[in-house]
Each structure stands twice: as C-alpha cells, then as structure tokens.
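>>> predicted coordinates and the sequence they were generated for:
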Amino acid sequence: MKDCIHVTIQGRVQGVGFRYYTQIEARKLGISGWVRNCPDGSVEAIICGETERLDSMKQWLKHGPSYAQVEHIEFSAGHLPDNCKDFRIV
C-alpha cells in the first residue's frame, strides 16, 4: 500500500542543492512525488511510496544534503496526482 506525505522544510534549504539531492534520494528509494522551492525560502515536497521507504526518506529529509541546515520540518497527509509516476523537481 502506498502512502503520500506532504513535507515542508525550513532553514537554509534553498541554494544548497536541496531539491536536486532530494530527487536523487527519492529515486534511489523508489519514491514518487515532487519537490519545489517556495517564495518564503522553504522547500515543499510530496513523497509517495511504501511505508518503509517513506520512513527512510523522512529521515533523510530531516538533515538533507551536507550544505543544508534544516531548522524545522513538518509532515502531514498528502496527495499525488495519478499521472505522477516518478520524482520531479517542479
């Protein structure tokens, strides 16, 4: 069974490759969804997959790539359009 989670990440998360490395990690784990920068400086994502894989992705998102500094992360229920089968930067 696939679950979808909406994620908001705050801190030093723009300009440090966060979206790029999130896409790499998601594809490695077989996660579908998307990631994008927000005007307020945060990063937003939808991650969908099997529970165990989502748990791994959530752990990775808590620190992100080496140049990022995650100060706050929020997880909530999310929804992914049916036509999204891979992981994209939007």
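Alright, I've got the coordinates.

>>> name the secondary structure element that contains I47.
Assigned by DSSP states H and E, I47 falls within strand 43-50.

>>> residues in contact with Y21?
G64, P65 (Cβ atoms under 8 Å, 6 or more residues apart in numbering). (Each C-beta comes from the backbone N, C-alpha and C, glycine too.)

>>> one more: K58?
Applying Cβ under 8 Å, 6+ apart, the residues near K58 are I5, V7, I47, F75.

>>> in PyMOL, how would I select just the buried ones from those residues?
Selection of the buried residues among those in PyMOL, burial being defined by 16 or more other Cβ atoms under 10 Å:
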select buried, resi 5+7+47
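
>>> wait, H72 sits on V7?
No: with contact defined as Cβ atoms under 8 Å, H72 does not reach V7; the gap is 11.2 Å.

>>> tell me the pLDDT of the residue nearest the centre of the chain.
Nearest to the geometric centre of the chain sits A45, at 4.3 Å (Cα atoms, centre = their mean). With respect to pLDDT, A45 scores 96.

>>> show the contacting residues for it.
H6, V7, I9, T22, G33, W34, V35, R36, L61.

>>> name whatever forms a beta bridge with the residue nearest to S42 when sequence neighbours are not counted.
Nearest residue to S42 in three dimensions, chain neighbours excluded: Q10, at 4.7 Å (Cβ to Cβ, 6 or more residues apart in numbering). Residues in a beta bridge with Q10, per DSSP bridges, are H72.

>>> tell me how many other residues surround Q10.
Residues near Q10, counting by other Cβ atoms under 10 Å, number 16.
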